[in-house]
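Trainee: quick one: sequence and predicted model below, then my questions.
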Amino acid sequence: MEKFLCSRLDGEEVEPTVLWSTGPLKHRGRQRCEAEKQQQQKKKAVEVSSFFRCCFTYRQQNQSSPVRSSPVRSSPVRSSPVRSSPAMFRPLRILLSATKCPLSRCCSGYVSRMRYVNRLKEDDDACAAALQNGRIFLFHSLSPLLQHTDRGTFRTSALTGSDLQPVLENLGSDGSLLKESVLIGCSEQNQAQFCLDVGELDQAAVEERCGGTFVDLRKAFFLLKGAEAPLVAKGQALLRWHQTNGFCSATGQPTQRNQAGSQRFCSSSSTTYYPQMSPVMIVLVSDGTRCLLGRQASFPRGLYSALAGFCNMGETLEETLRREVAEEVGLEVQNISYSSSQHWPFPHSSFMVACHASVSPAHCQVDVDHSELEDARWFSLDEITCALQVKAPPRRGDPPAIWLPPPHAVANRLIREWADRQRHGKDGP
Ligand SMILES: NC(=O)c1ccc[n+]([C@@H]2O[C@H](COP(=O)([O-])OP(=O)(O)OC[C@H]3O[C@@H](n4cnc5c(N)ncnc54)[C@H](O)[C@@H]3O)[C@@H](O)[C@H]2O)c1
């Protein structure tokens with residue numbers, strides 16, 4: 001299939017048989033010896049060829065940053081062509097239904113992206129090659145580089161490896177710095193994404209050359225919109241992990257990373273280390289008409305959040321949740337239901353598992369452990385609705401107001417879910 005697609009990109013006419021010449025299709029093609037079947041194959045291949053041509057034309061018209069050599073880039077079906085004519089899928093559907101071939105699996109953009117990223121983790125050479133065309137997100141001492149937009153918002157800033165290399169050399173780095181990039185993932189346009197900490201270079205000089213500002217992650221995370229915030233959080237977490245795992249904890253010897261940076265290896269102890277997250281349970285407890293929020297003394301003034309706590313070794317998620325609520329506010333919860341999860345970069349990498357739980361109204365007396373929380377109390381739907389309107393933390397001198405974690409935080413999602421359920425009468429004791 002790869003050969004076929006490359007030929008199409010070169011603009012050459014393709015013999016339909018080429019379509020059958022690789023992978024699982026090869027064997028099937030050989031079995032079809034009757035002339036009639038060959039004719040059918042040729043017809044379908046031509047139809048498929050027109051489908052691919054259609055897709056590539058779409059890509060050429062719509063792709064802002066073409067990528068040159070990644071094999072996954074050749075994947076013919078991505079989400080964007082779907083928006084054009086559904087008729088373009090007809091030949092492919094015919095082919096798939098006629099052959100019952102595993103091509104359908106390659107045709108999911110998501111599947112090919114995931115497999116591509118996995119291959120880059122396993123194949124150092126492929127990863128080094130992908131670095132040239134991949135997007136590199138720069139960090140300086142773990143602060144991501146952001147750019148101002150015309151609309152006064154912020155966005156991430158990234159260069160391709162081949163564009164970044166001369167910049168780095170010009171700023172005094174030797175040629176090897178680029179190879180310290182760590183693979184983050186793959187964009188929907190099938191472009192590998194990397195992060196690189198250039199903390200060894202002069203910060204102002206990099207900012208000037210790259211046209212952006214390095215912003216502390218705590219600020220950047222909340223300035224960025226949509227998928228960009230978790231992307232930089234993931235990048236920073238990976239870079240931090242490499243910075244703090246340079247030595248084997250068993251032998252004290254230096255560890256070596258693979259090209260993708262998805263693991264580090266100690267050759268003395270034959271130990272492989274992988275980036276770690278600490279599991280945390282976060283729960284919004286309801287008594288049917290109110291929800292329970294708490295605050296630590298270290299929180300900014302007026303901020304209340306859902307109750308959270310780290311999993312202890314050997315605990316199930318349910319056990320952690322029940323223990324944390326019991327420890328912090330002296331309640332015993334029931335009816336635990338899963339909501340969602342997120343990677344949370346602060347202060348280090350936590351894996352937040354968010355749940356709802358309830359207590360009966362007859363047993364909702366809060367008994368706060370003040371060594372853990374400064375305060376915890378029940379909030380009505382009206383109070384929550386009011387607090388959700390507060391878009392920015394109150395400033396010094398403003399009247400005291402309750403405010404809630406920002407939308408990027410899974411606690412915010414839990415609170416919104418609870419409020420929606422209350423409004424629609426779906427929550428009960
Ligand atoms: N994303 C969100 O919506 C959201 C909301 C609330 C809390 N959080 C995060 O959840 C995490 C836990 O919240 P918390 O209020 O219990 O935090 P915390 O930082 O106050 O931790 C409480 C205690 O847990 C122990 N601890 C710290 N790190 C640990 C680890 N890696 N493993 C086991 N125990 C550890 C320490 O004794 C610490 O005092 C924090 O990282 C916090 O930032 C996220």
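Mentor: Looks like it came in fine.

Trainee: what about the nearest residue to residue 131 once chain neighbours are set aside, distance to residue 172?
Mentor: Excluding the flanking residues, the one nearest residue 131 by C-beta to C-beta, 6 or more residues apart in numbering is residue 161, at 4.3 Å. Backbone N, C-alpha and C define where each C-beta goes, glycine included. Going from residue 161 to residue 172 by C-beta to C-beta, to the nearest Å gives 18 Å.

Trainee: of these two, which one has the most company?
Mentor: A direct count of neighbours by other C-beta atoms under 10 Å for residue 161 and residue 172 places residue 161 higher, at 22 against 11.

Trainee: tell me the residues of the stretch 301-429 of the chain that contact the ligand?
Mentor: 305, 308, 309, 310, 344, 346, 350, 352, 405, 409, 410, 411 (C-beta under 6 Å from any ligand atom).

Trainee: how about the stretch 151-300 of the chain: which residue is closest to the ligand?
Mentor: Per C-beta to the nearest ligand atom, residue 278 is where the stretch 151-300 of the chain lies closest to the ligand, at 3.6 Å.

Trainee: ramachandran coordinates for that residue?
Mentor: phi -100, psi 120 (degrees, to the nearest 10).

Trainee: from residue 344, how far off is it?
Mentor: 9 Å.

Trainee: overlap in contacts of the two?
Mentor: Among the neighbours of residue 278, those also in contact with residue 344 (C-beta atoms under 8 Å, 6 or more residues apart in numbering) are 350, 351.

Trainee: when the two are compared, which one has more neighbours?
Mentor: residue 344 (24 against 12).

Trainee: and the more buried one, what are its bridge partners?
Mentor: residue 350 (DSSP bridges).

Trainee: so it sits right up against residue 310, yeah?
Mentor: No: counting by C-beta atoms under 8 Å, residue 344 does not reach residue 310; the two are 11.5 Å apart.

Trainee: ok so, going back, and for the residue nearest to the residue of the stretch 151-300 of the chain closest to the ligand when sequence neighbours are not counted, the neighbour number?
Mentor: Once flanking residues are discounted, residue 278 sits nearest to residue 350: 5.1 Å by C-beta to C-beta, 6+ apart. The number of residues packed near residue 350 is 20, by other C-beta under 10 Å.

Trainee: who are the contact partners of residue 350?
Mentor: Contacts of residue 350 (C-beta under 8 Å, 6+ apart): 277, 278, 279, 280, 310, 343, 344.

Trainee: pretty sure the third one sits in a strand.
Mentor: Spelled out, it's residue 279. Yes: according to DSSP: H, G, I helix; E, B strand; the rest coil, residue 279 belongs to a strand.

Trainee: I'd like the distance between the nearest residue to it once chain neighbours are set aside and residue 209.
Mentor: The shortest distance from residue 279 to any non-neighbouring residue, by C-beta to C-beta, 6+ apart, is to residue 311 (4.3 Å). As judged by C-beta to C-beta, residue 311 and residue 209 stand 44 Å apart.

Trainee: ok, the two, which is more surrounded?
Mentor: For the pair residue 311 and residue 209, the greater number of neighbours falls to residue 311 (20 against 17), based on other C-beta under 10 Å.

Trainee: quick one: that one and residue 280 touch, right?
Mentor: Yes: Residue 311 is within contact range of residue 280, at 6.9 Å (criterion: C-beta under 8 Å).

Trainee: I figured residue 198 was touching residue 206, is that so?
Mentor: Yes: counting by C-beta under 8 Å, residue 206 is a contact partner of residue 198 at 5.6 Å.

Trainee: shared neighbours, the two?
Mentor: 138, 140, 171.

Trainee: who's in contact with the last one?
Mentor: Applying C-beta under 8 Å, 6+ apart, one finds that residue 171 lies in contact with 198, 201, 202, 205, 206, 209.

Trainee: so the second one lies in a helix, does it not?
Mentor: No: with three-state DSSP as the criterion, residue 201 is coil rather than part of a helix.

Trainee: residue contacts, it?
Mentor: Applying C-beta under 8 Å, 6+ apart, we find residue 201 in contact with 140, 168, 171, 172, 173.

Trainee: grab the nearest non-local neighbour of residue 273.
Mentor: residue 264 (4.5 Å).

Trainee: surely the residue nearest to residue 131 meets residue 179?
Mentor: No: applying C-beta under 8 Å as the test, residue 161 and residue 179 come out as separate, 9.4 Å apart.

Trainee: what do these two both touch?
Mentor: Both residue 161 and residue 179 are contacted by residue 131, under the criterion C-beta under 8 Å, 6+ apart.

Trainee: need the strands for the stretch 301-429 of the chain, in chain order.
Mentor: Along the stretch 301-429 of the chain, counting by DSSP state E, counting those that start in this stretch, strands occupy 307-310, 334-344, 350-358, 375-380.

Trainee: the closest residue to residue 274 other than its chain neighbours: neighbour count?
Mentor: Distance criterion C-beta to C-beta, 6+ apart; nearest residue to residue 274, sequence neighbours excluded, is residue 263 at 5.3 Å. A total of 15 residues lie near residue 263 under the criterion other C-beta under 10 Å.

Trainee: what residues does residue 263 make contact with?
Mentor: 121, 257, 272, 273, 274.

Trainee: in helices only, show me the residues you listed.
Mentor: Counted as lying in helices by DSSP state H, out of those, are residue 121.

Trainee: now the contacts of residue 263 as a markdown table including neighbour count?
Mentor: A markdown table is the format used below for these (neighbours: other C-beta atoms under 10 Å):
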| residue | neighbour count |
| --- | --- |
| 121 | 17 |
| 257 | 18 |
| 272 | 11 |
| 273 | 16 |
| 274 | 9 |
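
Trainee: make CSV out of the strands of the stretch 301-429 of the chain and add distance to residue 128 and mean pLDDT.
Mentor: Listed next are these as CSV, based on distance: least, C-beta to C-beta, whole Å; pLDDT from 0 to 100:
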stretch, distance to residue 128, mean pLDDT
strand 307-310, 37, 98
strand 334-344, 26, 97
strand 350-358, 30, 98
strand 375-380, 52, 98
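
Trainee: can you give me the helices in the stretch 151-300 of the chain?
Mentor: Under the criterion DSSP state H, counting those that start in this stretch, the stretch 151-300 of the chain contains helices at 161-170, 203-210, 217-223, 228-244.

Trainee: tell me which of the ones you listed sits most buried.
Mentor: Ranked by mean neighbour count under mean count of other C-beta atoms under 10 Å, the helices of the stretch 151-300 of the chain are led by helix 228-244, which reaches a mean of 20.

Trainee: now name the helix or strand holding residue 110.
Mentor: helix 109-122 (DSSP states H and E).

Trainee: CA atoms only for the next helix or strand after that helix, dumped as PDB, please.
Mentor: Downstream of helix 109-122, the next assigned helix or strand under DSSP H and E is helix 124-133. Taking C-alpha atoms only, helix 124-133 is exported to PDB below (Å, rounded to 0.1, in the frame of the first residue of the first chain):
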ATOM      1  CA  ASP A 124      15.200   5.000  17.300                       C
ATOM      2  CA  ASP A 125      16.000   5.600  13.600                       C
ATOM      3  CA  ALA A 126      12.400   6.200  12.600                       C
ATOM      4  CA  CYS A 127      12.100   8.600  15.600                       C
ATOM      5  CA  ALA A 128      15.300  10.500  14.700                       C
ATOM      6  CA  ALA A 129      13.900  10.900  11.100                       C
ATOM      7  CA  ALA A 130      10.500  12.000  12.400                       C
ATOM      8  CA  LEU A 131      12.200  14.700  14.500                       C
ATOM      9  CA  GLN A 132      13.300  16.500  11.300                       C
ATOM     10  CA  ASN A 133       9.700  17.100  10.200                       C
END
